[in-house]
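J.: 3D model of this:
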Amino acid sequence: MSPMAGPSRGRWVGGGSGAGLAAWLLLLPLRLLATDLGRRLATVMVLTALFVVGMSALYEHADRPTANARPAATSASRPATRTATGPTAHQPDGPDALAVDWYARRLGVPTEQVHALGTEHRPGRLRVLVLADLGNRRPTAWVTLRRTHGGWTVDQ
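T.: Okay, here's the model as predicted:
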C-alpha cells in the first residue's frame, strides 16, 4: 500500500488534525527511504550533488587568464609619450605592437582600443590575432607579419 492510500488519508483531507498532517509530511521522506526505490533515488541525489560540487570546484577559476593569454610585455613597455614625427612616429616596439598599430590605423580607431590576443609562429612569418574594442562591436583579425632585415613588416 502506498503512503497516500489507505484509511489514514481520510483523516487529513476532510479537515482533520493539521498537526497530524504536518507530522505525516515530515516523516514521508523517511518512509520512502525504507523502500528500495527510495534508497536508489537518494543515492542518485547524493551522487549528483557530489558531482556538481566537484565540477564547481574544478571550474572555479576557469576564467582567470594564464601567462600565455596576457599581452606581450613589448606592447606594454612602450613609452607613454612620443615626440617623434614623420616615418618613425608609427614604428611600434615589437611584432604584437606593430599588428595592433596596423589594425588600429586600418579601422581608424586609437591604438588603445586594439589589443593583441595571441600569436601563431610560422617559418619566416608571424600571425597575430588582434581585437578592436568598439563598444558593442568587437571585430577581430589575423594580421600576418613577415620577418625582414629591418624587422617585422605587415604582409598585405
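
J.: who are the neighbours in contact with the closest residue to Val100 other than its chain neighbours?
T.: In this structure, Val100 finds its nearest non-sequential neighbour in Val114, 4.8 Å apart by CB to CB, 6 or more residues apart in numbering. Any C-beta I mention is one placed from the backbone N, CA and C, and that applies to glycine too. Contacts for Val114 (CB atoms under 8 Å, 6 or more residues apart in numbering) come out as 100, 103-104, 107, 130-133.

J.: one more time with 7 Å
T.: Going by CB atoms under 7 Å, 6 or more residues apart in numbering, Val114 touches 100, 103-104, 130, 132.

J.: Going by distance to Gly94, which of those wins?
T.: Closest approach to Gly94 among these (CB to CB): Val100, at 9.7 Å.

J.: The closest one reaches Thr111, doesn't it?
T.: Yes: with contact defined as CB atoms under 7 Å, Val100 reaches Thr111; the gap is 5.8 Å.

J.: Which of those two has more residues huddled nearby?
T.: Using other CB atoms under 10 Å, the more surrounded residue of Val100 and Thr111 is Val100, with 26 against 18.

J.: how about the helix or strand hosting the more buried one: buried residues?
T.: Using DSSP states H and E, Val100 maps to helix 95-107. By neighbour count with 16 or more other CB atoms under 10 Å, helix 95-107 contains the buried residues 95-104.

J.: Spatially, which two of those are the most separated?
T.: Longest span within the buried residues of helix 95-107, CB to CB: Pro95 and Ala104, 14.9 Å.

J.: Then Ile144 would be within a strand, right?
T.: Quick fix: residue 144 is Thr, not Ile. Yes: counting by DSSP: H, G, I helix; E, B strand; the rest coil, Thr144 is part of a strand.

J.: which residues sit in contact with it?
T.: 125, 127, 155.

J.: List just the nearest of those to Thr119.
T.: Arg127 (6.7 Å).

J.: helices or strands up against the longest helix along the chain?
T.: Identified as the longest helix of the chain according to DSSP state H is helix 36-58. Packed against helix 36-58 by the contact rule (3 or more CB pairs under 7 Å, 6 or more residues apart in numbering; DSSP states H and E) you find helix 18-33.

J.: Buried residues, the helix it packs on. List them.
T.: Within helix 18-33, the residues that count as buried by 16+ other CB under 10 Å are Trp24.

J.: before we move on, back to that, run through the bridge partners of the residue nearest to Val100.
T.: Val114 has these beta-bridge partners by DSSP bridges: Ala132.
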